[in-house]
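# below are the sequence and a predicted model; questions follow.
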Amino acid sequence: MSNYFSQLPDFEYVSRLPDSRISDYIPVKNLFMRGKLREDIFQDASVFTKYKIKGDDRPDNVAYEVYGDANLDWLVLTCNNILNVYNEWPMTQINFENYLLEKYGTYENINAAHHYETTVVKNTTGVVIVPAGL
């Protein structure tokens with residue numbers, strides 16, 4: 001591997017070495033530092049490859065399709081500003097169904113009307129009788 005970790009910042013950490021005291025600190029790499037793409041890169045569409053998530057695609061499947069290497073899943077996530085794959089990546093069909101069943105209880109409740117919303121209703125002179133969004 002190249003000098004990837006040399007780009008990460010150091011911070012002082014309590015030394016756990018056998019010959020150290022509790023007050024000793026050593027510099028270590030901050031592995032929790034997240035890399036981020038520059039905002040101006042997102043303005044140039046030619047830098048990115050468009051890909052539509054199909055079915056139950058995972059980041060590693062997309063990386064293999066686009067880059068030919070499933071280990072580049074981190075690149076797919078970084079380029080799409082995804083920090084938490086569980087909350088920000090599309091759910092699989094089974095996970096989505098389980099989520100809906102947990103939220104609504106039964107399949108009948110999932111398919112039932114949950115609420116109604118009005119559209120604007122005006123009289124002949126243009127006066128609003130029923131506003132939209134109720």
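Yes, it's here.

# only C-alpha atoms for contact and neighbour calcs from this point on.
Noted.

# show the subsequent helix or strand relative to the helix ranked longest in the chain.
Looking across the chain with DSSP state H, the single longest helix is helix 93-104. Where DSSP states H and E defines the elements, the next helix or strand beyond helix 93-104 is helix 107-111.

# ok now that following helix, how far from the chain's centre?
28 Å (Cα atoms, centre = their mean, to the nearest Å).

# would you say residue 62 is within a helix?
Yes - per DSSP: H, G, I helix; E, B strand; the rest coil, residue 62 lies within a helix segment.

# OK, contacts around the nearest residue to residue 61 once chain neighbours are set aside?
Ranked by Cα to Cα, 6 or more residues apart in numbering and with sequence neighbours excluded, the top spatial neighbour of residue 61 is residue 70, at 6.3 Å. Contacts for residue 70 (Cα atoms under 8 Å, 6 or more residues apart in numbering) come out as 60-64.

# and residue 70, how far is that from residue 76?
For residue 70, the distance to residue 76 equals 10 Å [Cα to Cα, to the nearest Å].
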